[in-house]
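K.L.:
Any chance you could fold what I've pasted below:
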Amino acid sequence: MDLLTRDLITEARNAAGGYYRANYNCAESIILGFNQVLDLKIDPEVVKMFSGYGGGLGHAGCMCGALSASIAILGYFRGRKTSEEKRDVIYDLVNRFHDCFEEEFGATCCRVLNSYPFGTPEHGRTCLKITGNTAKKLMQFLLAEGLVDG
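P.N.:
Predicted coordinates:
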């Protein structure tokens, strides 16, 4: 892995972590971080669509918001624009990233990934690590898939 690639991976992790530290939730942090690092030109208003994903869907503890937002980023690169386009490409990509995430963290469910009560410092520190490491994993995946140039 060359220095530029490593820098891009680190930049993604740090950007997402920085947004999380600035009080954005995990999903918002992934969207904002990747928008910043990759200059995706996503309208900042879009972040509102991810506000309910934190805490595994509004503190329900279901699928991790960082994973959910990562799926949205994958959709940005390979999602369909018309109903005539096949779903196989994006479904395969998402399935493989889901499996990479689960292999890395041992689960995809927020309440399993972070058993600390919402709002506690321990919960915040754990989510910060998960958010940053999800951004790192996503950037590695995007690079490996040739969706982003390193």
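
K.L.:
Can you show me the helices along the protein?
P.N.:
Using DSSP state H, the helices of the chain run over residues 3-21, 26-38, 54-57, 65-78, 88-105, 110-113, 121-144.

K.L.:
so of the ones you listed, which one's packed in deepest?
P.N.:
helix 26-38 (a mean of 25; mean count of other Cβ atoms under 10 Å). All C-beta spots, glycine's among them, are computed from the backbone N, C-alpha and C.

K.L.:
so how far is that one off the chain centroid?
P.N.:
Its chain's average C-alpha position is 7 Å from that of helix 26-38, according to Cα atoms, centre = their mean, to the nearest Å.

K.L.:
Against which helices or strands is it packed?
P.N.:
helix 3-21, helix 54-57, helix 65-78, helix 121-144 (3 or more Cβ pairs under 8 Å, 6 or more residues apart in numbering; DSSP states H and E).

K.L.:
try 6 Å this time
P.N.:
helix 3-21, helix 65-78, helix 121-144 (3 or more Cβ pairs under 6 Å, 6 or more residues apart in numbering; DSSP states H and E).

K.L.:
just the angle between that helix and helix 121-144, please?
P.N.:
The directions of helix 26-38 and helix 121-144 differ by 40 degrees, with axes from the mean of the first three to the mean of the last three Cα atoms, to 10 degrees as the criterion.

K.L.:
Could you dump the helices and strands packed on helix 26-38 into JSON lines and include mean pLDDT and distance to Asn95?
P.N.:
Formatted as JSON lines, these follow (pLDDT from 0 to 100; distance: least, Cβ to Cβ, whole Å):
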{"stretch": "helix 3-21", "mean pLDDT": "93", "distance to Asn95": "21"}
{"stretch": "helix 65-78", "mean pLDDT": "98", "distance to Asn95": "10"}
{"stretch": "helix 121-144", "mean pLDDT": "97", "distance to Asn95": "12"}
